[in-house]
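# need a 3D model of the sequence below.
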Amino acid sequence: MNGEIICIGTEILLGDTLNSNSQYLSQELSSLGINLFYHTVVGDNPGRLKKVIELAIKRSDIIITTGGLGPTQDDLTKETIADILDIPLELHKPSLNYIESYFKNTGRKMTTNNIKQAYAPVGSIVVPNDNGTAPGIIIENNNKIFILLPGPPHEMTNMFKKSIFPYILKKEKINFYSRYYKVVGIGESQLEDMLIDIIKDQTNPTIATYAGHNEILLRLTANSKDQDTADKVLQPYEDLLMDRIGKNIYGGKEDTLEKVTGNLLIEKNITLSIAESCTGGMIASRLTSIPGISKVFHSGIVCYSNSAKENLIGVSSDILTSKGAVSPEVAEELCRKLYQKTKTDIVMSVTGIAGPGGATKDKPVGLVYIGILYKDKVEVRKYIFSGSRVKVQERASQQALNILRKKLIGII
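A predicted model of the protein is given here:
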């Protein structure tokens, strides 16, 4: 089937809201074998929305919309589609009951305009919304499928996973099985170069890469009659991936680097303390989001100024003066002095220039030193990250977590 995604909302059109729904739906539809040719964003205007829907009907078999299912006057997605298809709306009593109980349970007053959300086109499939008040809607009409989803991403993704994915899977009658890998420490172009022979010759399975936030999501997908057959197709390719980029694969689709690294600390019962300068506590924040991390995470100290490095950690003023705060010597000293205070199994340090100011001829913006102490040995690595101040901080924290992960599994 040929598919199309239409995201509805003036806030998306104006750039006030990031359109993450399109990205998520594109990945999921691709894994289902849907040929996705068009993305459209349209504002909350019924006239323009009608034109977009009418165009989609001419060129696509399955049309998925997000947004415009709320209770306000400008939420007109289902009304517009019902009008185009000449289908009347009717009150869906189970949806009304759910909306009423939702407001009662949350202690909020339900206004009359919320009843609007309980109406659905006659003969449609109403899809429950576990995370909000706007149910989804599926309409099958003249060999076309319309899937209307709520706009808030946490509502949309949950509904898609729970209800829409299985629905499309049955309709397609094609079984696609995917394995996902999170890759860190190499760029997308470098990754493609390392896998170019597989990418060029791909038929079944197929391989796809998606650039993410300082990491890459890699997907292997097989078209097979069942899971066992798919596993036989996928496993040799997974073995190839592990042989070539295994050191850079840290987990699967739902994993985060902090989750994997934090759980490694917990599983191995290895304690950690960290001194952060340019990252301002970002690494500690990411790690402490992991349940159970208190068993092994001793402390994170933000020693941003030279006086903090000297007075809180114990770095000598002579080193700070002679070498500068952003130097391998200070990175090492931060590790050694913090170890004297915490006695943790691993100590890390990060010091750098996040920018936009602070650079010198020999020390550009983006220069970062990351130190790690383990078994009385300190290793310091030098990086030069590009991007804004926040990007430098994010990339430094990502690299620090990856260094820690590799140390924990014995790669470095």
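# what's the mean pLDDT across the one helix or strand Lys78 maps to?
Secondary structure from DSSP states H and E places Lys78 in helix 77-85. Here helix 77-85 scores 96 as its mean pLDDT.
# for that helix, name the packing helices and strands.
With contacts defined as 3 or more CB pairs under 8 Å, 6 or more residues apart in numbering; DSSP states H and E, helix 77-85 has these neighbours: helix 46-59, strand 89-91, strand 119-121, strand 136-141, strand 144-149. Using the backbone N, CA and C atoms, a C-beta is placed for each residue, glycine as well.
# longest helix of this protein?
For the chain, the helix that runs over the most residues, judged by DSSP state H, is helix 389-409.
# tell me the domain ranges of the chain?
2-172, 176-251, 257-409 (automatic domain parsing).
# can you add mean neighbour count and give those back as a markdown table?
Formatted as a markdown table, the domains of the chain follow (neighbours: other CB atoms under 10 Å):
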| stretch | mean neighbour count |
| --- | --- |
| domain 2-172 | 18 |
| domain 176-251 | 16 |
| domain 257-409 | 19 |
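# compute the inter-axis angle for the helix holding Lys78 and helix 46-59.
Using axes from the mean of the first three to the mean of the last three CA atoms, to 10 degrees, the direction of helix 77-85 lies 60 degrees away from that of helix 46-59.
# CA atoms only for helix 77-85, dumped as CSV, please.
Extracted C-alpha coordinates of helix 77-85, given in CSV (Å, rounded to 0.1, in the frame of the first residue of the first chain):
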residue,chain,number,x,y,z
THR,A,77,-10.0,16.8,11.3
LYS,A,78,-12.7,14.3,11.6
GLU,A,79,-15.4,16.8,10.7
THR,A,80,-13.5,17.7,7.5
ILE,A,81,-12.9,14.1,6.5
ALA,A,82,-16.5,13.0,7.3
ASP,A,83,-17.7,15.9,5.1
ILE,A,84,-15.5,14.9,2.2
LEU,A,85,-16.7,11.2,2.5
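# okay, the angle between it and strand 144-149?
With the same axes, to 10 degrees as the criterion, the two stretches helix 77-85 and strand 144-149 enclose an angle of 160 degrees.
# on that earlier part again, what is the longest helix of the chain packed up against?
Helix 389-409 is packed against helix 257-268, helix 282-287, strand 346-352, strand 367-374, strand 377-384, with contacts defined by 3+ CB pairs under 8 Å, 6+ apart.
# closest to Arg405 out of the ones you listed?
Taking CB to CB as the criterion, helix 257-268 is the member of those that comes nearest to Arg405, at 4.5 Å.
# quick one: contacts of the closest one?
With CB atoms under 8 Å, 6 or more residues apart in numbering as the contact definition, helix 257-268 has outside contacts at 182, 184, 215, 250-251, 270-272, 286-287, 289-290, 292-293, 295-297, 398, 401-402, 404-405, 408-409.
# recalculate using a threshold of 6 Å.
If you take CB atoms under 6 Å, 6 or more residues apart in numbering as the criterion, helix 257-268 is touched by 250-251, 272, 286-287, 290, 292-293, 295-296, 401, 404-405, 408.
# before we move on, what about stretch 30-47?
Under the criterion CB under 6 Å, 6+ apart, residues 1-8, 10, 12-13, 22, 26, 29, 48-49, 52, 74, 76, 80, 168, 172, 174, 176, 178 lie in contact with stretch 30-47.
# measure it end to end?
30 Å (CA to CA, to the nearest Å).
# could you number the chain from 4 rather than 1 from now on?
Right, with 4 as the first residue, what we last looked at is stretch 33-50.
# now the helices and strands packed on helix 80-88 in TSV, with distance to Pro359 and mean pLDDT?
Shown next, in TSV, are the helices and strands packed on helix 80-88 (distance: least, CB to CB, whole Å; pLDDT from 0 to 100):
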stretch	distance to Pro359	mean pLDDT
helix 49-62	40	96
strand 92-94	54	97
strand 122-124	52	97
strand 139-144	45	98
strand 147-152	40	98
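# can you tell me which of the ones you listed is nearest to Thr109?
Each of the helices and strands packed on helix 80-88 was checked against Thr109 via CB to CB, and the shortest separation belongs to strand 139-144, namely 20.3 Å.
# in the stretch 254-403 of the chain, which ranges drop under the pLDDT threshold?
The stretch 254-403 of the chain contains no residues with pLDDT under 70.
# out of the contacts of helix 260-271, the closest to Thr224 would be?
Distance to Thr224 across the contacts of helix 260-271 (CB to CB) is lowest for Gly254, with 18.1 Å.
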